[in-house]
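> This is a predicted model, with the sequence first.
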Amino acid sequence: MTLKVFNTLGRKKEAFEPLEPGKVRMYVCGPTVYDSCHIGHARSVVVFDVIARYLRVKGYDVTYVRNFTDVDDKIIDKANQLAIEPQDVAERYIKEFYEDMDALNVERADIEPKATAHIHQIIRFIEHLMDEGFAYQTNSDVYYSVEKFNEYGKLSGRRLEEMEAGARVEVDIKKQNPFDFVLWKSSKPGEPAWKSPWGMGRPGWHIECSAMSCEYLGEMFDIHGGGKDLTFPHHENEIAQSEAIFKKPFVKYWIHNGFVNINQEKMSKSLGNFLMIKDAIKAYHPEAVRLFLLSKHYRSPIDFTEKAMDEASAGLDKIYSLFERTVEKVGLATVGDTEPGDCWEKFCEAMDDDFNSARGVGILFDTVRKVNRTLDQNNGELSSELQTAILTIQTDILRIGQTLGILLESPKTYFDKKRSKVLQQKSIDPSVIENLIQERNAARREKNWEKADEIRLRLQDLNISVEDRPEGTIWKITN
RNA sequence: GGCGGCAUAGCCAAGUGGUAAGGCAGCGGUCUGCAAAACCGCUAUUCACCAGUUCGAAUCUGGUUGCCGCCUCCA
């Protein structure tokens, strides 16, 4: 099976062939740490987390770099607002980033460099650009001259001449071309500043990624990712910087994820509709958030709504419920005990097609239904063949879960946590529930159906549904 | 103004030349004291619209309409 990847550079799917066989070097633009992460950050980070996991599953030796932009105007603004140091702002939000991403089961990147820890490399990079004639100094600022780079615009499909016609960019008189961008910015008193050949200042935004990707991945590497909005100007500028110096293709595959809307609206400051990760995971299980994010293709926009999240939660319940059943029948295997089966192979086919996790999720539910059917049809003892078959499928589902970063809890833990969360929210003592269930079962034994049903209705009002199973009554939280 | 994307059932969503995955909701059934859960069946002759290419198109081409994104250091 060959993996195909949609490359923004060229805008088509291409067979994935890393520069060095068996190795993948990938760089993803991380956040500018001036505020809490919102659901849009979550999508980008989760999508690339899954891409990295899948590449590893495919057997590639992956080196994954994701940076933190920890020096920036917005960080400085925030520091002024809070009357603290910019680096404290950055530290605070890096800490929050980890809290959010850990909750979402995002694996750490192999290297997570910060811009401020690479000032030396950045300055050297800029010097290099000056030497090669791609940059110029005005007062104490250094700019990149886009006109010097012939291929400027090749990633985003723009041409300098065409852009100028309708550009709304305010013309900065210090720039030779309105699209020239700052490489080194002189500092005002009190701002973070480093000594440089051009005076005290700080790096522009784009240069850190060129400098740090080179530092950790070399002059050329395989995958560079980020949100769609970064295509222009950020990634276009990175190409201009890196290719100007190294005179060869900077990145082989550019991957960009689509945006998250909230109730069909773009998240924006003016609408005040930013959904922060920490709030989303208060309301929903983090795995439900992941399942939601992965149930649509990564390049399409996705709409965050309460309904969509309820459906994702219900879907997750459905899978964990299946595990409850299979664990009882065949026990819980761990990935590695069993050879991958058909289900896993179909999932891989989907993922091989430009990481089509949406199709993969479809296959997951398809499989869940098949196992439930098998269990329904074989109510009594399972033959050893069936047990083995179910174990294989169960393990496939777990394998898929590991790739998508879901299904990492035991069904018991999952449902227990869900229960206690809701009970806590509603300040209900679980023993009250248990007592009601006992009372209802007593009524049922006496065939007092009226009383039993009345108790069931009372529980329903508390968002609790009861299931009378052959082996006893259990209760669950409904969404 | 420039560049790009999208339009598939009530809703969400796969599907890039071979006769419409999956989820949610709905209806009917099996199971059940009744339910719930699970399963089975039904639910798009049709993929925004028009024209074209082809033996054959949701998929390719041209056009129309509608929505959205980027061109603002927003993932």
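Everything's here; your move.

> Near RNA strand B, which residues of the stretch 351-479 of chain A? Just list them.
By the rule C-beta under 7 Å from any atom of the strand, the part of the stretch 351-479 of chain A lying against RNA strand B is A:353-354, A:356, A:358-359, A:361-363, A:365-366, A:368-369, A:372-373, A:375-376, A:444, A:449, A:452-453, A:456, A:465-469. All C-beta atoms are positioned from the backbone trio N, CA, C, and that covers glycine.

> Of those residues, grab the buried ones for PyMOL.
Here is the PyMOL command that selects the buried residues among those (16 or more other C-beta atoms under 10 Å):
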select buried, chain A and resi 353+354+356+359+361+363+368+375+444+452+456+466
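
> Could you tell me which of the residues of the stretch 351-479 of chain A next to RNA strand B are located in helices?
A:358-359, A:361-363, A:365-366, A:368-369, A:372-373, A:375-376, A:444, A:449, A:452-453, A:456 (DSSP state H).

> Outline the domain layout of chain A.
Following the assignment in automatic domain parsing, chain A carries domains at A:4-266, A:306-412, A:426-477.

> now the second one: how far from the chain's centre is it?
The one in question is domain A:306-412. Relative to its chain's centre, domain A:306-412 lies at 22 Å (C-alpha atoms, centre = their mean, to the nearest Å).

> Would you mind measuring the gap between the ends of that domain?
One end of domain A:306-412 to the other measures 26 Å (C-alpha to C-alpha, to the nearest Å).

> Run through the strands of the stretch 351-479 of chain A in chain order.
A:464-469, A:472-477 (DSSP state E, counting those that start in this stretch).

> Residue A:281 is nearest to which of the ones you listed?
Residue A:281 lies closest to strand A:472-477 among the strands of the stretch 351-479 of chain A, at 16.6 Å (C-beta to C-beta).

> Show me the contact partners of that closest one.
Outside strand A:472-477, the residues within contact range by C-beta atoms under 8 Å, 6 or more residues apart in numbering are A:317, A:415, A:418-419, A:422, A:433, A:437, A:440-441, A:459, A:463-467.

> Now do the residue of chain A found nearest RNA strand B against residue A:432, distance only.
Across chain A, no residue is closer to RNA strand B than residue A:227, which sits at 1.6 Å (C-beta to the nearest atom of the strand). The gap separating residue A:227 from residue A:432 is 47 Å, by C-beta to C-beta, to the nearest Å.

> just residue A:441 next, same as before
15 Å.

> check contacts around the residue lying closest to residue A:407 once chain neighbours are set aside.
Distances taken as C-beta to C-beta, 6 or more residues apart in numbering place residue A:401 nearest to residue A:407, at 3.0 Å, with adjacent residues excluded. Contacts were defined as C-beta under 8 Å, 6+ apart; by that measure residue A:401 touches A:319, A:407, A:408.

> go on, residue A:387?
Neighbours of residue A:387 in contact, by C-beta under 8 Å, 6+ apart: A:329, A:330.

> just the one 4 residues further on next, same as before
By C-beta under 8 Å, 6+ apart, residue A:391 lies in contact with A:330, A:331, A:333, A:337, A:338.

> Quick one: buried ones out of the residues you listed?
Buried among the contacts of residue A:391 (16+ other C-beta under 10 Å): A:330, A:333, A:338.

> distance between stretch A:239-254 and the chain's centre?
26 Å.

> What distance separates the opening and closing residues of that stretch?
In stretch A:239-254, first residue to last residue: 11 Å (C-alpha to C-alpha).

> Then stretch A:3-13?
So stretch A:3-13: terminal residues 10 Å apart, C-alpha to C-alpha.

> So which bits of that stretch are buried?
Under 16+ other C-beta under 10 Å, the buried positions of stretch A:3-13 are A:3, A:4, A:5, A:6, A:7, A:8, A:9.

> need the next SSE after the least confident helix or strand in chain A by mean pLDDT, C-terminal direction.
Within chain A, judged by mean pLDDT, DSSP states H and E, the helix or strand with the poorest mean is helix A:160-166; its value is a mean of 67. Past helix A:160-166, further along toward the C-terminus, the next helix or strand under DSSP states H and E is strand A:181-186.

> Give the pairing partners of that next one; include direction for each.
Under the criterion DSSP bridges, strand A:181-186 sits next to strand A:141-144 (antiparallel), strand A:201-203 (antiparallel) in its sheet.

> any weak-confidence spans in the stretch 101-250 of chain A?
By pLDDT under 70, the low-scoring segments of the stretch 101-250 of chain A are A:164-172.

> So between residue A:441 and residue A:432, which is more surrounded?
Shown here are residue A:441 and residue A:432; by other C-beta atoms under 10 Å, residue A:441 has more neighbours (16 against 12).

> Quick check: residue A:93 touching residue A:41?
No: judged on C-beta atoms under 8 Å, residue A:93 makes no contact with residue A:41 at a distance of 10.7 Å.

> Could you name every residue contacting both of the two?
Taking C-beta under 8 Å, 6+ apart as the contact rule, the neighbours common to residue A:93 and residue A:41 are residue A:31.

> Quick one: the helices in the stretch 51-200 of chain A, in order.
Counting by DSSP state H, counting those that start in this stretch, the stretch 51-200 of chain A has helices at residues A:73-82, A:86-103, A:119-131, A:160-166.

> Distance from the first one to the middle of the chain?
On the basis of C-alpha atoms, centre = their mean, the separation between the geometric centre of helix A:73-82 and that of its chain is 26 Å.

> list the helices and strands it packs on?
On a contact count with 3 or more C-beta pairs under 8 Å, 6 or more residues apart in numbering; DSSP states H and E, helix A:73-82 meets helix A:86-103.

> Return the set of buried residues in the helix it packs on.
By neighbour count with 16+ other C-beta under 10 Å, helix A:86-103 contains the buried residues A:86, A:89, A:90, A:92, A:93, A:94, A:96, A:97, A:100, A:101, A:103.

> Check stretch A:14-33 too.
Across stretch A:14-33, burial judged by 16+ other C-beta under 10 Å covers A:16, A:18, A:24, A:25, A:26, A:27, A:28, A:29, A:30, A:31, A:32, A:33.

> How about stretch A:455-475?
Judged by neighbour count (16+ other C-beta under 10 Å), stretch A:455-475 contains these buried residues: A:455, A:456, A:459, A:462, A:464, A:466, A:475.

> now the second one: how far from residue A:359?
As judged by C-beta to C-beta, residue A:456 and residue A:359 stand 39 Å apart.

> Likewise for the fifth one?
Distance check for residue A:464 against residue A:359: by C-beta to C-beta, it reads 35 Å.

> Also the first one?
Per C-beta to C-beta, residue A:455 is found 44 Å from residue A:359.

> One more: residue A:159?
Taken as C-beta to C-beta, the span from residue A:159 to residue A:359 is 36 Å.

> And for residue A:201?
Residue A:201 sits 49 Å away from residue A:359, going by C-beta to C-beta.

> just residue A:412 next, same as before
The gap separating residue A:412 from residue A:359 is 30 Å, by C-beta to C-beta.

> what does residue A:216 give?
Distance from residue A:216 to residue A:359, by C-beta to C-beta: 33 Å.

> Repeat that for residue A:380.
To residue A:359, residue A:380 is 36 Å away according to C-beta to C-beta.

> thinking again about what came up before, tell me which of the strands of the stretch 351-479 of chain A sits nearest to residue A:266.
Going by C-beta to C-beta, the one of the strands of the stretch 351-479 of chain A nearest residue A:266 is strand A:472-477, 32.9 Å.
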